[in-house]
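*Asks:* Provide a 3D model corresponding to the input given below.
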Amino acid sequence: MGLLKIILFIFILLFPIAEVGRIQFVNGVAISLNDVLLCVLIVVWVGFHLYKKKKFDKGFLFKPVFLFSLIGFLSLLLNFLNLKLDALLISFSYLLRWASYASLYFIVKEFNPKLKLKINYILLISGFFVVLIGFAQYFFYPSLRNLYYLGWDEHLYRLFSSFLDPNFAGAFFVIYFLFTLSFIANFIKRKYWFKFSIVGTMGFLTLVALYLTYSRSALIMLAISVVVYLYLINKKKFILLILLGLLLAIFILPKSFQTEGTNFLRATSSESRVSTAKEALVIIQRNPLYGVGFNAFRYARNQQGMTGSNWEFSHGAAGTDNSFLFVMATTGVIGFVAFLWLIYKIFLLGKINLKKNKLSIVLISLIVGLIFNSIFVNSFFYVLILEWVWIIAGLTENS
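*Replies:* Next up, the predicted model:
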């Protein structure tokens, strides 16, 4: 268990550089340092159980995770004739990756309360480094124009941190902000004012970083998550006031409404989302039952003539901006129902632990926020978001 703990700590601490520390291969395939460490973590975890002859505790989320993984696998098998071997293997590798990150929940939930508390602090440190990197990037590297050839958008004058995407970075900042609130509430309760001032500052800087992403989907997620959080801690009377403050903060941002990327009323990205949604609906209509195969969306778009010359490398060609449409298109109605059940069970996990674990408030708030956020960006299938969701779920469950 000691080796497992060390690898997990290293895995979490290296989270801030996971995206920039990845290796890009042909056909859009990429492997990050996080992926490699996660594989090592899983091997050690399985080895520990086999060596100690310890039974695997399935946990509250085993059935929905297993069912969705199984449906994803079957969707690929049923589309075997429609996919070339390399496309099939690439799509399967992403399903394997999704299942691997889901295993974080099973690993983390087995730790004792004392070790779980340490994981909380490691997450606090790791997440704040993403914020600090974001500020450094915002002031010294304000555009991704030089990486356009690798499939990245420009994102001029927007904070995207090491995620290289302001929308996903913004969604993460919401999760991290909620996470800091759990610390802040505990420090206030115990009257640890020095710790409160430190984590309070971290939370405030996270909010600033979030706003500098100029991500509308992230701000929608923030508003919804904060409302849910305040409702759960019985501070309903502050909801309207805080929502008004969050709205007014938009107008004091530097360069707000001045460029296409920083204009909250921008139409280009909205039109692009509508366009990809329409493409997804076409694919869904033609493959309603079991979809085109998990994460085979890129190849389905190409077969339908919906892609450009760089379709194999473009990040935008791999999926649609809506997580729910993505699930419907790739795994069909069957996978969609299983996915909804998984989300519901994560929500229920938080609900049944409300009186036992204060982190359950964070889990419920972020899941509800992600539901709305994933309508605009595919955040439910972005591994750096999933990493935190699964770890927080594992920390929430009392084994």
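
*Asks:* quick one: the helices in this protein, in order.
*Replies:* Remark: helices of the chain, listed N- to C-terminal, are 2-13, 33-52, 62-78, 85-108, 113-140, 166-190, 193-212, 216-232, 239-248, 268-286, 297-303, 323-352, 359-373, 383-396; assignment by DSSP state H.

*Asks:* out of those helices, nearest to P254?
*Replies:* When the helices of the chain are ranked by proximity to P254, the top entry is helix 193-212, at 8.0 Å, counting by Cβ to Cβ. Backbone N, C-alpha and C define where each C-beta goes, glycine included.

*Asks:* S360 is in contact with A393, correct?
*Replies:* No: contact between A393 and S360 fails when scored by Cβ atoms under 8 Å: they sit 9.6 Å apart.

*Asks:* shared neighbours, these two?
*Replies:* Residues touching both A393 and S360 (Cβ atoms under 8 Å, 6 or more residues apart in numbering) are L349.

*Asks:* more neighbours, these two?
*Replies:* Of the pair A393 and S360, A393 is the one with more neighbours under other Cβ atoms under 10 Å, namely 28 against 24.

*Asks:* excluding residues flanking it in the chain, which one is nearest the more buried one?
*Replies:* Taking Cβ to Cβ, 6 or more residues apart in numbering, and ignoring the residues beside it in sequence, A393 has Y105 as its nearest neighbour in space, at 4.8 Å.

*Asks:* OK, contacts around the one you found?
*Replies:* Taking Cβ under 8 Å, 6+ apart, we find Y105 in contact with G59, L61, V65, W390, I391, A393, G394, E397.

*Asks:* for N378, see how far away A185 is.
*Replies:* Counting by Cβ to Cβ, to the nearest Å, the gap between A185 and N378 amounts to 31 Å.

*Asks:* okay, these two: which has more neighbours?
*Replies:* For A185 versus N378, neighbours defined as other Cβ under 10 Å are more numerous around N378 (24 against 15).

*Asks:* could I get the contacting residues of that one?
*Replies:* Residues in contact with N378 (Cβ under 8 Å, 6+ apart) are G319, T320, D321, N322, S323, F326.

*Asks:* against Y344, how distant is it?
*Replies:* The spacing between N378 and Y344, counted by Cβ to Cβ, is 20 Å.

*Asks:* same question, F48
*Replies:* Between F48 and Y344 the distance, using Cβ to Cβ, works out to 31 Å.

*Asks:* can you check F80 too?
*Replies:* Spatial separation of F80 from Y344 under the definition Cβ to Cβ is 31 Å.

*Asks:* where does the stretch 251-399 of the chain have low pLDDT?
*Replies:* For the stretch 251-399 of the chain, the stretches with pLDDT under 70 are 257-262, 267, 305-319, 399.

*Asks:* count the residues that sit near I252.
*Replies:* When counting by other Cβ under 10 Å, one arrives at 8 neighbours for I252.

*Asks:* what does L50 give?
*Replies:* The local packing of L50 (other Cβ under 10 Å) involves 9 other residues.

*Asks:* list the contacts of it.
*Replies:* Taking Cβ under 8 Å, 6+ apart as the contact definition, L50 lies against nothing.

*Asks:* that one and N378, how far apart?
*Replies:* Between L50 and N378 the distance is 36 Å, computed by Cβ to Cβ.

*Asks:* now swap in V108 and tell me
*Replies:* Look at V108 and N378: by Cβ to Cβ, they are 24 Å apart.

*Asks:* any chance of the contacts of N378 in JSON lines, plus neighbour count and distance to G170?
*Replies:* Putting these into JSON lines (neighbours: other Cβ atoms under 10 Å; distance: Cβ to Cβ, whole Å) gives the following:
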{"residue": "G319", "neighbour count": "23", "distance to G170": "18"}
{"residue": "T320", "neighbour count": "27", "distance to G170": "19"}
{"residue": "D321", "neighbour count": "23", "distance to G170": "14"}
{"residue": "N322", "neighbour count": "21", "distance to G170": "17"}
{"residue": "S323", "neighbour count": "23", "distance to G170": "15"}
{"residue": "F326", "neighbour count": "25", "distance to G170": "19"}
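
*Asks:* what's around K114, how many residues?
*Replies:* Other residues within reach of K114 by the criterion other Cβ under 10 Å amount to 7.

*Asks:* do G59 as well
*Replies:* 17.

*Asks:* that one and L366: what is the separation?
*Replies:* G59 sits at a distance of 19 Å from L366 (criterion: Cβ to Cβ).

*Asks:* how many neighbours does the closest residue to S69 other than its chain neighbours have?
*Replies:* Of all residues beyond its chain neighbours, the one nearest S69 is A99 (4.8 Å), with distances taken as Cβ to Cβ, 6+ apart. Residue crowding around A99 was assessed by other Cβ under 10 Å; the count is 17.

*Asks:* so which of the contacts of Y105 wins on neighbours?
*Replies:* Tallying neighbours with other Cβ under 10 Å puts A393 at the head of the contacts of Y105, with 28 neighbours.

*Asks:* tell me how far it lies from A338.
*Replies:* For A393, the distance to A338 - Cβ to Cβ - is 17 Å.

*Asks:* do F264 as well
*Replies:* When distances are taken as Cβ to Cβ, F264 and A338 turn out to be 35 Å apart.

*Asks:* the two - which one has more neighbours?
*Replies:* With other Cβ under 10 Å as the criterion, F264 and A338 differ in neighbour count, and A338 comes out ahead with 21 against 13.

*Asks:* quick one: contacts for the more buried one?
*Replies:* Counting by Cβ under 8 Å, 6+ apart, A338 touches P64, L67, F68, I71, T331.

*Asks:* give me the buried subset of those residues.
*Replies:* Neighbour counting by 16 or more other Cβ atoms under 10 Å classes P64, L67, F68, I71, T331 among these as buried.

*Asks:* farthest-apart pair in these, please.
*Replies:* Across the buried ones among the contacts of A338, the longest distance by Cβ to Cβ is 13.5 Å; it joins P64 and T331.
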